[in-house]
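1. Predicted coordinates and the sequence they were generated for:
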Amino acid sequence: SHADQARARLAKLKADPRPPEDPAERAWAAVQNTKDRAALEDFIRRHGNSIYGILARARLAELTGGAGGQDSALVRECDGLAANPDDAARGGGAGIRWDVLDSNQAVPACRSAVAARPDDPRMMYQLGRVLDKQGAFAEALPMYRKAADRGYPEAMNNLGIMFTNGRGVPRDDAEAIRLFRKAADGGSADAITNLGFMYRYGRGVPPNLEEAVRLFRKAADAGSVEGMYWLGLVYEAGAGVGKDEAEAFKWYHKAADMGVASAMNKLGVMYANGSGVGKDMTEAVRWYRAAAAAGNPDAKATLTSLGN
């Protein structure tokens, strides 16, 4: 097994009298005999993609009660690193926004979770999501397909995005729309937003700005933060609605409060320009910093240009 291989490698390392130079090895030496589950979970967060991560997961499983405990620990780790905040069926926790998703940590954790729960569509979807973020589209695609075939709405939605963008598959707007509609029927609010995008730009359907706005509003009302962000965009541009920068500011603020980095950046721009709100460079910089911390590259570039 992977754990046996890891233990064999560890035995060889222990035979070497030199002090360990690998940070993961040093950290493992400090916790390998612990009974503190929190310490092991912290080690896995920091070094889960090292050889010692396998040993730490095995040790954690021993402390949580055998195979069933191991399954639960692996699922919790994948949920903690890869869950989509907008997924109504996600496990415990707030989830991780796309911009700050750490695929290097999440991919090995979710591979282990899928191996432990091979029929769990949530684990398949989450592994697909982090592989997608990593750019491993050929591997993400079958994970999304398997989860979608088991009726998982967010997997259908992400599969639709792959067809929209031609990531890992030839671009196919008709198939994307079919998947978005099926996902929306299954309860995915983000899929409603994506249908709005297709109508906004006439992708697979005749362009219809009013229908796009209707869908963005429906998605936002259903809790889609992407729908809130898109409402901000259409009000700012006056696309399908009367141009209204104050209304755009309101919707960007709602999305930003839910952790959407691009919406935080928009708030920074609006405060800097005095668009839809009084001009306030202090507030602008505060929102740029929040957006940059949440992974937005435009905000990082703006802060650099401002000398912040």
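-> Looks like it came in fine.

2. Could you pull out the buried residues of stretch 232-244?
-> Within stretch 232-244, the residues scored as buried using 16 or more other Cβ atoms under 10 Å are Gly232, Leu233, Val234, Tyr235, Glu236, Gly240, Val241. Just so you know, the C-beta spots here come from the backbone N, C-alpha and C atoms, and that holds for glycine as well.

3. Now intersect those residues with the helices, please.
-> In helices, judged by DSSP state H, the following of the buried residues of stretch 232-244 are found: Gly232, Leu233, Val234, Tyr235, Glu236.

4. Include pLDDT when you put those into a markdown table, please.
-> Conversion of these to a markdown table gives the following (pLDDT from 0 to 100):
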| residue | pLDDT |
| --- | --- |
| Gly232 | 98 |
| Leu233 | 97 |
| Val234 | 97 |
| Tyr235 | 97 |
| Glu236 | 97 |
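
5. which other helices and strands contact the helix or strand where Arg46 lies?
-> Remark: Arg46 resides in helix 37-47, with elements defined by DSSP states H and E. Applying 3 or more Cβ pairs under 8 Å, 6 or more residues apart in numbering; DSSP states H and E, we find helix 37-47 packed against helix 23-31, helix 51-64, helix 66-82.

6. Go again with 10 Å.
-> If you count contacts as 3 or more Cβ pairs under 10 Å, 6 or more residues apart in numbering; DSSP states H and E, helix 37-47 packs onto helix 23-31, helix 51-64, helix 66-82, helix 103-116.

7. Just give me the lowest mean pLDDT stretch among the ones you listed.
-> Ranked by mean pLDDT, the helices and strands packed on helix 37-47 bottom out at helix 51-64, with a mean of 69.

8. Find the residue ranges of the stretch 151-300 of the chain scoring beneath the pLDDT cut-off.
-> Scanning the stretch 151-300 of the chain for pLDDT under 70 picks out nothing.

9. Could I get the full set of strands for it?
-> Along the stretch 151-300 of the chain, counting by DSSP state E, counting those that start in this stretch, no stretch forms strands.

10. Spell out the residue ranges of the helices in it.
-> Ranges of helices in the stretch 151-300 of the chain, per DSSP state H, counting those that start in this stretch, are 153-165, 173-185, 189-201, 209-221, 225-237, 245-257, 261-273, 281-293, 297-306.

11. could I get those as TSV with distance to Trp28?
-> Below are those laid out as TSV (distance: least, Cβ to Cβ, whole Å):
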stretch	distance to Trp28
helix 153-165	35
helix 173-185	42
helix 189-201	39
helix 209-221	45
helix 225-237	38
helix 245-257	40
helix 261-273	34
helix 281-293	30
helix 297-306	34
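
12. Which among these is found nearest to Lys146?
-> Smallest distance to Lys146 across these (Cβ to Cβ): 8.0 Å, for helix 153-165.

13. buried set for the closest one?
-> Buried-residue list, helix 153-165, by 16+ other Cβ under 10 Å: Pro153, Glu154, Ala155, Met156, Asn157, Asn158, Leu159, Gly160, Ile161, Met162, Phe163, Thr164.

14. If we only consider the residues you listed, which is nearest to Lys300?
-> Closest approach to Lys300 among those (Cβ to Cβ): Ile161, at 24.4 Å.

15. now the buried residues of helix 153-165 in CSV, with distance to Ala140?
-> Shown next, in CSV, are those (distance: Cβ to Cβ, whole Å):
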residue, distance to Ala140
Pro153, 17
Glu154, 13
Ala155, 10
Met156, 14
Asn157, 13
Asn158, 8
Leu159, 9
Gly160, 13
Ile161, 11
Met162, 8
Phe163, 13
Thr164, 14
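
16. so which of these comes closest to Leu55?
-> Using Cβ to Cβ, Ala155 comes nearest to Leu55 of the buried residues of helix 153-165, at 31.5 Å.

17. so that closest one makes contact with Arg129?
-> Yes - counting by Cβ atoms under 10 Å, Ala155 touches Arg129, with 8.7 Å between them.

18. Look at the residue lying closest to Val285 once chain neighbours are set aside and report its pLDDT.
-> Nearest non-adjacent residue to Val285, counting by Cβ to Cβ, 6 or more residues apart in numbering: Asn308, 5.9 Å away. What the model reports as pLDDT for Asn308 is 81.

19. Need the CA coordinates for stretch 164-176. PDB is fine.
-> Below are the C-alpha coordinates for stretch 164-176, written out as PDB (Å, rounded to 0.1, in the frame of the first residue of the first chain):
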ATOM      1  CA  THR A 164     -18.200  26.800 -23.000                       C
ATOM      2  CA  ASN A 165     -14.500  27.500 -22.800                       C
ATOM      3  CA  GLY A 166     -13.200  24.500 -24.700                       C
ATOM      4  CA  ARG A 167     -11.200  23.300 -21.800                       C
ATOM      5  CA  GLY A 168     -10.300  19.600 -22.200                       C
ATOM      6  CA  VAL A 169     -13.100  19.200 -24.800                       C
ATOM      7  CA  PRO A 170     -14.000  20.900 -28.100                       C
ATOM      8  CA  ARG A 171     -16.100  24.000 -27.500                       C
ATOM      9  CA  ASP A 172     -19.800  23.100 -27.800                       C
ATOM     10  CA  ASP A 173     -22.200  25.800 -26.700                       C
ATOM     11  CA  ALA A 174     -25.300  23.700 -27.300                       C
ATOM     12  CA  GLU A 175     -24.000  21.000 -24.900                       C
ATOM     13  CA  ALA A 176     -23.000  23.600 -22.400                       C
END
